[in-house]
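Participant: Fold the following.
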Amino acid sequence: MVSRSLIAWSSTLLKSTSTTSSSSTAASTIAVAAINALDHAPLTGLFAVNKPTGITSTTILDHLQHICKRNQTHPLVKGVLAVDKSKRALKRGLVKIGHGGTLDPLARGIVVVGMGTGCKKLNNMSGSSKVYIAEARLGVSSTTLDSTGSLVDQKPTDHITKALLLDALQAFKGEITQTPPLYSALNMDGKRLYDYAREGIPLPREIPSRKVQIYDLELLSYPDGGVTVPDPSLREFGFGVGHSEDTIVTDGGDVNTKNATELSDVRQDDQYLNPNSFRPKKLADSTTTLDKPIPPPTSATDKYFHIRVHCSSGTYIRTLIADIAARLGTVGLMTDLLRVEQSGYRLGGPATIAMKECEDLEAVQRAIDAGNLIWEKRNAKAGASQLAEE
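Facilitator: Okay, here's the model as predicted:
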């Protein structure tokens, strides 16, 4: 099950190497091997799923596994299982599936998925740079640094202008220091941070800060009086400017009215736990009333802005927004987050499919074919750069 684009690419490589030296022979061998490997191992490689709001990244893997389990007589499923000699495949009929970096339940967008031996390539994904579009609300802060938490503080925003916001963003370009949020899955003395919060246990010590890279930080909308002035691209990406707390954009593009705090049934993710799946007994060194809800936004007291962030792995966008708000002399939280791109896998690209399209194994195969091309071109570019340096 090899895509025409892969065959064309490999054929071009074969032709370009047919009249050159022995190194070209090696390249042609690789091209042939690439075709043969894919031809005998369907559903093997990398692709991306456009994760909708309200589910964990692990839910995508469970969904794909369920589809494969339900369709074990399908030629594609039989093919990927045939080359997997593990007990998982032989005895349980389970396809090897993994992802290249989690995305919070509140967030949506690109999750890179590996199937079969493609999972081996995921190690290079989790540490790669990513591009996000985020919506921020100024004037309020929460326990989780986003709209799923409980109210912590409120501060004025009357003084905030576009010029002030642009000036603040400049301070966060390049290498910056971040302190990860309490509601995260980082370990401290063998216990995840969100477990300390859930159980009301004081942290053994302060959360250590770390260095991250902000390669680019672009303002896409800004507050002007009581109105948010948006970039046209925001509508294209499903942002209801200034209203994302009240809308959940589904994978198919439909908009369902629903407050983000109602997302109480999501499971634990590797990076984040929705706080509404529990209520902490207490939060040490804080007098905040944890059950106090975040008030609805008003044009008189709250302002919104949107940013596009190209950042290194390990960057917390929630923390970035809170830090930007602090520099502006107020408080803030994240109300919507979209991952647009990771390692060449981007929204709207041929290697990306919607969650509902995973039901169509042929569509998954087409996405994998395109995803494998992205991977090969990425590696070829990296190899060429390395040779140039030598």
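
Participant: How is the chain divided into domains?
Facilitator: For the chain, the structural domains run 1-40, 44-127+345-389, 130-342, going by automatic domain parsing.

Participant: which stretch in those domains has the least confidence?
Facilitator: Per-stretch mean pLDDT for those is lowest at domain 1-40 (a mean of 44).

Participant: in the stretch 151-300 of the chain, which spans are strands?
Facilitator: In the stretch 151-300 of the chain, strands defined by DSSP state E, counting those that start in this stretch lie at 151-154, 174-178, 187-188, 191-192, 210-224, 227-230, 247-249, 255-257, listed in chain order.

Participant: how about the ones you listed in JSON lines, adding mean neighbour count and distance to residue 56?
Facilitator: Heads up, the C-betas are built off the backbone N, CA and C, glycines and all. JSON lines is the format used below for these (neighbours: other CB atoms under 10 Å; distance: least, CB to CB, whole Å):
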{"stretch": "strand 151-154", "mean neighbour count": "16", "distance to residue 56": "25"}
{"stretch": "strand 174-178", "mean neighbour count": "13", "distance to residue 56": "23"}
{"stretch": "strand 187-188", "mean neighbour count": "12", "distance to residue 56": "18"}
{"stretch": "strand 191-192", "mean neighbour count": "14", "distance to residue 56": "15"}
{"stretch": "strand 210-224", "mean neighbour count": "16", "distance to residue 56": "23"}
{"stretch": "strand 227-230", "mean neighbour count": "16", "distance to residue 56": "29"}
{"stretch": "strand 247-249", "mean neighbour count": "20", "distance to residue 56": "15"}
{"stretch": "strand 255-257", "mean neighbour count": "10", "distance to residue 56": "19"}
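
Participant: Output these in CSV, with distance to residue 341 appended to each entry.
Facilitator: CSV is the format used below for the strands of the stretch 151-300 of the chain (distance: least, CB to CB, whole Å):
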stretch, distance to residue 341
strand 151-154, 32
strand 174-178, 20
strand 187-188, 28
strand 191-192, 28
strand 210-224, 12
strand 227-230, 20
strand 247-249, 18
strand 255-257, 23
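
Participant: out of those strands, nearest to residue 145?
Facilitator: Closest approach to residue 145 among the strands of the stretch 151-300 of the chain is made by strand 151-154 (9.2 Å; CB to CB).

Participant: Tell me where the longest helix sits in the chain.
Facilitator: Assignment by DSSP state H gives helix 361-389 as the longest helix of the chain.

Participant: For the stretch 151-300 of the chain, which segments count as helices?
Facilitator: Taking DSSP state H, counting those that start in this stretch, the helices of the stretch 151-300 of the chain run over residues 162-170, 193-199, 233-236.

Participant: With respect to residue 312, which of those lies nearest?
Facilitator: helix 162-170 (17.1 Å).

Participant: buried set for that closest one?
Facilitator: Using 16 or more other CB atoms under 10 Å as the test for burial, helix 162-170 gives 165, 168, 169.

Participant: again with stretch 306-314
Facilitator: Buried residues in stretch 306-314, defined by neighbour count with 16+ other CB under 10 Å: 306, 307, 308, 309, 310, 311, 314.

Participant: Flag every buried residue along the longest helix of the chain.
Facilitator: Of the residues in helix 361-389, 361, 364-376, 378 count as buried by neighbour count, 16+ other CB under 10 Å.
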